[in-house]
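Asks: I'd like to go over a predicted model; first the sequence, then the structure.
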Amino acid sequence: MVGSAIHRKLQAEGFGNFIFRTSSELDLRNQQAVADFFAKEKPAYVFLAAAKVGGIVANNTYRADFIYENMMIQSNVIHHSYLNGVKKLLFLGSSCIYPKMAPQPLKEDYLLTGLLEPTNEPYAIAKIAGIKMCDAYRSQYGCNFISVMPTNLYGPNDNYDLNNSHVLPALIRKFHTAKKENAASVEIWGTGSPLREFLHADDLASACYYLMQNYNEPGLVNIGVGHDISIKDLALLVKKIIGFEGELKFDTGKPDGTPRKLMDVGKLHSFGWKHTIDLEEGIRNVYEEAKVIFNTESTEKK
(Lines give C-alpha, C1' and ligand atoms only; values in the text may rest on other atoms or scores of the structure.)
Protein backbone atom coordinates (compact mmCIF):
# COMPACT_ATOMS: atom_id res chain seq x y z
CA MET A 1 0.00 0.00 0.00
CA VAL A 2 2.67 2.52 1.03
CA GLY A 3 5.21 1.55 -1.61
CA SER A 4 2.69 1.80 -4.43
CA ALA A 5 1.49 5.18 -3.14
CA ILE A 6 5.05 6.54 -3.08
CA HIS A 7 5.60 5.15 -6.59
CA ARG A 8 2.46 6.92 -7.85
CA LYS A 9 3.60 10.19 -6.28
CA LEU A 10 7.08 9.98 -7.76
CA GLN A 11 5.66 9.16 -11.19
CA ALA A 12 3.35 12.17 -10.93
CA GLU A 13 6.38 14.32 -10.14
CA GLY A 14 8.17 13.12 -13.28
CA PHE A 15 10.51 10.43 -11.92
CA GLY A 16 10.99 7.27 -13.94
CA ASN A 17 14.17 5.44 -12.96
CA PHE A 18 12.79 3.02 -10.37
CA ILE A 19 14.29 -0.19 -9.00
CA PHE A 20 11.73 -2.79 -7.94
CA ARG A 21 11.86 -6.26 -6.49
CA THR A 22 8.92 -8.24 -5.18
CA SER A 23 9.34 -10.08 -1.88
CA SER A 24 9.52 -13.32 -3.84
CA GLU A 25 12.38 -11.93 -5.96
CA LEU A 26 14.36 -10.37 -3.09
CA ASP A 27 14.09 -11.54 0.51
CA LEU A 28 15.07 -8.47 2.52
CA ARG A 29 15.58 -10.68 5.58
CA ASN A 30 18.49 -12.35 3.76
CA GLN A 31 21.68 -10.36 4.33
CA GLN A 32 23.59 -11.78 1.35
CA ALA A 33 20.67 -11.26 -1.01
CA VAL A 34 20.37 -7.62 0.07
CA ALA A 35 24.15 -7.14 -0.24
CA ASP A 36 24.10 -8.52 -3.79
CA PHE A 37 21.11 -6.37 -4.74
CA PHE A 38 22.69 -3.10 -3.56
CA ALA A 39 26.06 -3.94 -5.08
CA LYS A 40 24.43 -4.58 -8.46
CA GLU A 41 21.78 -1.84 -8.59
CA LYS A 42 23.45 1.02 -6.62
CA PRO A 43 20.24 2.96 -5.87
CA ALA A 44 20.68 6.67 -5.18
CA TYR A 45 17.59 7.09 -2.99
CA VAL A 46 15.75 4.56 -0.82
CA PHE A 47 12.22 4.65 0.59
CA LEU A 48 12.19 1.85 3.16
CA ALA A 49 8.51 0.93 3.38
CA ALA A 50 8.94 -2.86 3.61
CA ALA A 51 7.86 -4.48 6.88
CA LYS A 52 5.96 -7.36 8.36
CA VAL A 53 2.73 -5.78 9.56
CA GLY A 54 -0.65 -6.74 10.98
CA GLY A 55 -3.36 -5.93 13.48
CA ILE A 56 -3.63 -6.73 17.19
CA VAL A 57 -4.10 -10.48 16.76
CA ALA A 58 -1.21 -10.93 14.33
CA ASN A 59 1.12 -8.72 16.39
CA ASN A 60 0.32 -10.55 19.60
CA THR A 61 0.37 -14.07 18.12
CA TYR A 62 3.51 -13.91 15.97
CA ARG A 63 5.67 -11.92 18.38
CA ALA A 64 8.96 -13.55 17.44
CA ASP A 65 8.26 -13.23 13.71
CA PHE A 66 7.42 -9.54 14.05
CA ILE A 67 10.59 -8.56 15.89
CA TYR A 68 12.95 -10.83 13.94
CA GLU A 69 11.71 -10.15 10.42
CA ASN A 70 11.44 -6.39 10.86
CA MET A 71 14.85 -6.15 12.51
CA MET A 72 16.42 -8.12 9.66
CA ILE A 73 14.69 -6.13 6.91
CA GLN A 74 15.68 -2.72 8.20
CA SER A 75 19.16 -3.71 9.40
CA ASN A 76 20.06 -5.16 6.01
CA VAL A 77 18.65 -2.27 3.97
CA ILE A 78 20.04 0.53 6.17
CA HIS A 79 23.50 -1.03 6.43
CA HIS A 80 23.85 -1.76 2.73
CA SER A 81 22.53 1.69 1.86
CA TYR A 82 25.50 3.03 3.81
CA LEU A 83 27.99 0.60 2.23
CA ASN A 84 26.83 1.50 -1.28
CA GLY A 85 26.72 5.27 -0.92
CA VAL A 86 22.95 5.87 -1.00
CA LYS A 87 22.45 9.65 -1.08
CA LYS A 88 19.36 9.62 1.12
CA LEU A 89 17.16 7.03 2.82
CA LEU A 90 13.72 7.48 4.35
CA PHE A 91 12.71 4.92 6.98
CA LEU A 92 9.01 4.44 7.71
CA GLY A 93 8.08 3.51 11.25
CA SER A 94 4.76 3.36 13.07
CA SER A 95 2.89 5.31 15.74
CA CYS A 96 3.06 2.25 18.00
CA ILE A 97 6.65 3.25 18.86
CA TYR A 98 5.27 5.63 21.48
CA PRO A 99 4.58 4.58 25.10
CA LYS A 100 1.10 3.19 25.73
CA MET A 101 0.21 5.89 28.24
CA ALA A 102 2.12 8.77 26.66
CA PRO A 103 0.40 12.19 26.81
CA GLN A 104 -1.79 13.00 23.83
CA PRO A 105 -1.19 14.16 21.17
CA LEU A 106 2.06 12.24 20.68
CA LYS A 107 5.11 14.45 20.27
CA GLU A 108 8.32 13.17 18.69
CA ASP A 109 10.26 13.63 21.95
CA TYR A 110 7.96 11.18 23.81
CA LEU A 111 9.92 8.31 22.27
CA LEU A 112 11.37 5.96 24.93
CA THR A 113 9.71 7.77 27.86
CA GLY A 114 7.53 4.87 29.04
CA LEU A 115 6.32 1.29 28.56
CA LEU A 116 4.94 0.17 25.20
CA GLU A 117 1.54 -1.37 24.45
CA PRO A 118 2.18 -5.09 25.21
CA THR A 119 0.21 -6.48 22.24
CA ASN A 120 2.52 -4.90 19.65
CA GLU A 121 5.71 -4.42 21.66
CA PRO A 122 7.95 -6.62 19.44
CA TYR A 123 6.97 -4.68 16.30
CA ALA A 124 7.39 -1.36 18.09
CA ILE A 125 10.84 -2.28 19.41
CA ALA A 126 11.96 -3.23 15.90
CA LYS A 127 10.75 0.13 14.55
CA ILE A 128 12.47 2.03 17.39
CA ALA A 129 15.68 0.21 16.50
CA GLY A 130 15.26 1.38 12.89
CA ILE A 131 14.98 5.02 13.99
CA LYS A 132 18.06 4.69 16.16
CA MET A 133 19.98 2.97 13.34
CA CYS A 134 19.29 5.88 11.00
CA ASP A 135 20.48 8.33 13.64
CA ALA A 136 23.55 6.22 14.45
CA TYR A 137 24.61 5.93 10.80
CA ARG A 138 24.08 9.68 10.43
CA SER A 139 26.22 10.34 13.52
CA GLN A 140 29.05 7.92 12.75
CA TYR A 141 29.16 7.92 8.95
CA GLY A 142 27.40 11.14 7.93
CA CYS A 143 24.59 9.28 6.16
CA ASN A 144 21.53 11.37 5.29
CA PHE A 145 19.07 8.82 6.67
CA ILE A 146 15.76 10.18 8.01
CA SER A 147 12.84 8.59 9.88
CA VAL A 148 9.13 9.30 9.63
CA MET A 149 6.32 7.95 11.78
CA PRO A 150 2.99 7.63 9.96
CA THR A 151 -0.25 7.33 11.86
CA ASN A 152 -2.79 4.60 10.94
CA LEU A 153 -2.94 4.29 7.16
CA TYR A 154 -5.53 3.24 4.60
CA GLY A 155 -5.70 3.47 0.84
CA PRO A 156 -5.39 1.60 -2.46
CA ASN A 157 -3.79 -1.85 -2.21
CA ASP A 158 -4.71 -2.24 1.46
CA ASN A 159 -4.99 -5.65 3.12
CA TYR A 160 -8.60 -6.79 3.63
CA ASP A 161 -7.85 -10.22 5.13
CA LEU A 162 -9.75 -10.37 8.44
CA ASN A 163 -7.02 -12.56 9.96
CA ASN A 164 -4.29 -9.92 9.78
CA SER A 165 -5.71 -6.62 8.54
CA HIS A 166 -5.93 -3.33 10.41
CA VAL A 167 -9.16 -1.90 11.79
CA LEU A 168 -10.38 0.24 8.87
CA PRO A 169 -10.00 -2.32 6.05
CA ALA A 170 -11.42 -4.96 8.41
CA LEU A 171 -14.51 -2.80 9.01
CA ILE A 172 -14.93 -2.22 5.28
CA ARG A 173 -14.89 -5.95 4.61
CA LYS A 174 -17.19 -6.76 7.54
CA PHE A 175 -19.84 -4.21 6.55
CA HIS A 176 -19.62 -5.10 2.85
CA THR A 177 -20.10 -8.79 3.64
CA ALA A 178 -22.92 -8.08 6.09
CA LYS A 179 -24.77 -5.95 3.53
CA LYS A 180 -24.32 -8.57 0.83
CA GLU A 181 -25.60 -11.34 3.12
CA ASN A 182 -28.40 -9.23 4.66
CA ALA A 183 -26.97 -9.85 8.13
CA ALA A 184 -28.75 -8.41 11.15
CA SER A 185 -25.60 -7.09 12.80
CA VAL A 186 -21.86 -6.56 12.53
CA GLU A 187 -19.51 -7.47 15.37
CA ILE A 188 -16.90 -4.89 16.36
CA TRP A 189 -13.94 -5.90 18.50
CA GLY A 190 -13.58 -4.19 21.86
CA THR A 191 -15.65 -1.43 23.40
CA GLY A 192 -15.52 0.99 20.49
CA SER A 193 -14.03 3.67 22.73
CA PRO A 194 -10.36 3.76 21.57
CA LEU A 195 -9.49 6.81 19.50
CA ARG A 196 -7.52 6.45 16.27
CA GLU A 197 -6.20 8.80 13.61
CA PHE A 198 -6.31 7.83 9.93
CA LEU A 199 -4.20 9.08 7.04
CA HIS A 200 -4.72 8.23 3.38
CA ALA A 201 -1.70 6.52 1.79
CA ASP A 202 -1.59 9.14 -0.97
CA ASP A 203 -1.23 11.86 1.68
CA LEU A 204 1.56 9.84 3.31
CA ALA A 205 3.33 9.56 -0.05
CA SER A 206 3.03 13.30 -0.55
CA ALA A 207 4.54 13.93 2.90
CA CYS A 208 7.39 11.47 2.29
CA TYR A 209 8.23 13.11 -1.02
CA TYR A 210 8.17 16.52 0.63
CA LEU A 211 10.43 15.41 3.50
CA MET A 212 12.90 13.71 1.16
CA GLN A 213 13.37 17.14 -0.37
CA ASN A 214 13.22 19.30 2.74
CA TYR A 215 14.19 17.37 5.90
CA ASN A 216 17.81 16.46 6.66
CA GLU A 217 18.03 16.05 10.42
CA PRO A 218 18.32 13.32 13.07
CA GLY A 219 15.24 12.24 15.00
CA LEU A 220 11.84 11.50 13.57
CA VAL A 221 8.90 13.35 12.06
CA ASN A 222 5.29 12.40 12.75
CA ILE A 223 3.01 12.20 9.71
CA GLY A 224 -0.70 12.41 10.41
CA VAL A 225 -3.79 14.59 10.20
CA GLY A 226 -3.81 15.92 13.77
CA HIS A 227 -7.28 14.73 14.80
CA ASP A 228 -8.83 11.36 15.64
CA ILE A 229 -12.09 9.41 15.75
CA SER A 230 -13.43 6.69 18.05
CA ILE A 231 -13.64 3.15 16.70
CA LYS A 232 -17.40 3.30 17.26
CA ASP A 233 -17.76 6.49 15.20
CA LEU A 234 -15.46 5.05 12.54
CA ALA A 235 -17.68 1.97 12.35
CA LEU A 236 -20.76 4.17 12.00
CA LEU A 237 -19.05 6.14 9.20
CA VAL A 238 -18.13 2.95 7.31
CA LYS A 239 -21.65 1.63 7.89
CA LYS A 240 -23.11 4.80 6.33
CA ILE A 241 -20.75 4.76 3.34
CA ILE A 242 -21.44 1.08 2.57
CA GLY A 243 -25.16 1.37 3.25
CA PHE A 244 -25.52 -1.37 5.85
CA GLU A 245 -28.76 -1.04 7.81
CA GLY A 246 -28.22 -3.54 10.64
CA GLU A 247 -26.91 -2.90 14.13
CA LEU A 248 -23.45 -2.83 15.71
CA LYS A 249 -22.49 -5.35 18.39
CA PHE A 250 -19.35 -4.76 20.44
CA ASP A 251 -17.41 -7.80 21.64
CA THR A 252 -15.94 -6.42 24.86
CA GLY A 253 -14.07 -9.69 25.40
CA LYS A 254 -11.71 -8.69 22.59
CA PRO A 255 -8.80 -6.28 23.30
CA ASP A 256 -9.05 -2.54 22.67
CA GLY A 257 -5.31 -1.97 22.36
CA THR A 258 -3.91 1.47 23.13
CA PRO A 259 -6.64 3.85 24.37
CA ARG A 260 -5.59 6.65 22.07
CA LYS A 261 -2.93 7.29 19.41
CA LEU A 262 -3.07 10.83 18.09
CA MET A 263 -0.02 12.34 16.43
CA ASP A 264 1.20 15.83 17.19
CA VAL A 265 1.94 17.05 13.66
CA GLY A 266 3.20 20.50 14.62
CA LYS A 267 6.74 19.65 13.49
CA LEU A 268 5.52 18.52 10.05
CA HIS A 269 3.24 21.56 9.68
CA SER A 270 6.19 23.82 10.54
CA PHE A 271 7.94 22.48 7.44
CA GLY A 272 4.96 23.55 5.32
CA TRP A 273 3.09 20.28 4.65
CA LYS A 274 -0.53 19.35 5.56
CA HIS A 275 -2.83 16.51 4.50
CA THR A 276 -5.48 17.11 1.84
CA ILE A 277 -7.76 14.02 1.85
CA ASP A 278 -10.76 14.06 4.20
CA LEU A 279 -11.52 10.74 5.97
CA GLU A 280 -15.02 10.26 4.56
CA GLU A 281 -13.88 11.14 1.05
CA GLY A 282 -10.92 8.79 1.40
CA ILE A 283 -13.01 5.86 2.64
CA ARG A 284 -15.54 6.34 -0.17
CA ASN A 285 -12.76 6.20 -2.76
CA VAL A 286 -11.13 3.18 -1.12
CA TYR A 287 -14.43 1.31 -0.96
CA GLU A 288 -14.88 1.63 -4.72
CA GLU A 289 -11.57 -0.22 -5.14
CA ALA A 290 -12.38 -2.71 -2.39
CA LYS A 291 -15.67 -3.68 -4.04
CA VAL A 292 -13.77 -4.73 -7.15
CA ILE A 293 -11.43 -6.85 -4.99
CA PHE A 294 -14.30 -8.48 -3.10
CA ASN A 295 -16.23 -9.21 -6.32
CA THR A 296 -13.13 -10.73 -7.92
CA GLU A 297 -12.63 -12.97 -4.91
CA SER A 298 -16.26 -14.12 -5.09
CA THR A 299 -15.91 -14.92 -8.80
CA GLU A 300 -12.71 -16.90 -8.22
CA LYS A 301 -14.35 -18.97 -5.48
CA LYS A 302 -17.17 -19.90 -7.84
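Replies: Thanks, I have the structure now. What you are looking at is a predicted structure, and each value in this text was computed from that prediction instead of being measured.

Asks: only C-alpha atoms for contact and neighbour calcs from this point on.
Replies: Will do.

Asks: list the contacts of Leu220.
Replies: Glu108, Ile131, Ile146, Ser147, Val148, Met149 (CA atoms under 8 Å, 6 or more residues apart in numbering).

Asks: now with 6 Å?
Replies: Residues counted as contacts of Leu220 (CA atoms under 6 Å, 6 or more residues apart in numbering) are Ser147, Val148.

Asks: any idea how far it lies from Leu268?
Replies: Leu220 sits 10 Å away from Leu268, taking CA to CA, to the nearest Å as the criterion.

Asks: how about residues contacting stretch 239-258?
Replies: By CA under 6 Å, 6+ apart, stretch 239-258 touches Lys100, Lys179, Ala184, Ser185, Val186, Glu187, Ile188, Trp189, Gly190, Thr191.

Asks: neighbours around the closest residue to the third one other than its chain neighbours, how many?
Replies: Same thing as Ala184. Excluding the flanking residues, the one nearest Ala184 by CA to CA, 6 or more residues apart in numbering is Gly246, at 4.9 Å. For Gly246, the neighbour count with other CA atoms under 10 Å is 15.

Asks: what would the contacts of stretch 239-258 look like in JSON lines with secondary structure?
Replies: Listed next are the contacts of stretch 239-258 as JSON lines, based on DSSP: H, G, I helix; E, B strand; the rest coil:
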{"residue": "Lys100", "secondary structure": "coil"}
{"residue": "Lys179", "secondary structure": "helix"}
{"residue": "Ala184", "secondary structure": "coil"}
{"residue": "Ser185", "secondary structure": "strand"}
{"residue": "Val186", "secondary structure": "strand"}
{"residue": "Glu187", "secondary structure": "strand"}
{"residue": "Ile188", "secondary structure": "strand"}
{"residue": "Trp189", "secondary structure": "strand"}
{"residue": "Gly190", "secondary structure": "coil"}
{"residue": "Thr191", "secondary structure": "coil"}
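
Asks: what is the end-to-end distance of stretch 14-30?
Replies: Stretch 14-30 has an end-to-end distance of 32 Å (criterion: CA to CA).

Asks: tell me the mean pLDDT for that stretch?
Replies: Stretch 14-30 shows a mean pLDDT of 95.

Asks: could you do stretch 278-286 as well?
Replies: Rounded mean pLDDT across stretch 278-286 is 97.

Asks: repeat for stretch 56-66
Replies: For stretch 56-66, mean pLDDT rounds to 86.

Asks: in it, which residues are buried?
Replies: By neighbour count on 16 or more other CA atoms under 10 Å, the buried set for stretch 56-66 is Ile56, Val57, Ala58, Asn59, Asn60, Phe66.

Asks: ends of that stretch, how far apart?
Replies: Distance between the two ends of stretch 56-66: 12 Å, counting by CA to CA.

Asks: contacts for it, please.
Replies: Residues from elsewhere that reach stretch 56-66 (CA under 6 Å, 6+ apart): Thr119, Asn120, Pro122, Tyr123, Asn164.

Asks: try 8 Å
Replies: With CA under 8 Å, 6+ apart, stretch 56-66 has contacts from Lys52, Val53, Thr119, Asn120, Pro122, Tyr123, Ala126, Asn163, Asn164, His166, Gly257.

Asks: on that earlier part again, among the contacts of stretch 239-258, which one sits closest to Ile78?
Replies: Lys100 (27.4 Å; CA to CA).

Asks: give the contact list for that closest one.
Replies: Applying CA under 8 Å, 6+ apart to Lys100 gives the contacts Gly114, Leu115, Leu116, Glu117, Thr258, Pro259.

Asks: would you turn those into TSV with secondary structure?
Replies: Shown next, in TSV, are the contacts of Lys100 (three-state DSSP):
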residue	secondary structure
Gly114	coil
Leu115	coil
Leu116	coil
Glu117	coil
Thr258	coil
Pro259	coil
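
Asks: dump the residues you listed to CSV, plus pLDDT, distance to Gln74 and neighbour count.
Replies: Output for those, formatted as CSV (pLDDT from 0 to 100; distance: CA to CA, whole Å; neighbours: other CA atoms under 10 Å):
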residue, pLDDT, distance to Gln74, neighbour count
Gly114, 96, 24, 12
Leu115, 96, 23, 13
Leu116, 94, 20, 21
Glu117, 88, 22, 18
Thr258, 73, 25, 18
Pro259, 82, 28, 13
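
Asks: could you work out the most separated pair of the residues you listed?
Replies: Spatially, the most separated pair among those is Gly114 and Pro259, at 15.0 Å (CA to CA).

Asks: quick check on Met149: phi, psi?
Replies: Per-residue torsions, Met149: phi -120, psi 100 (degrees, to the nearest 10).
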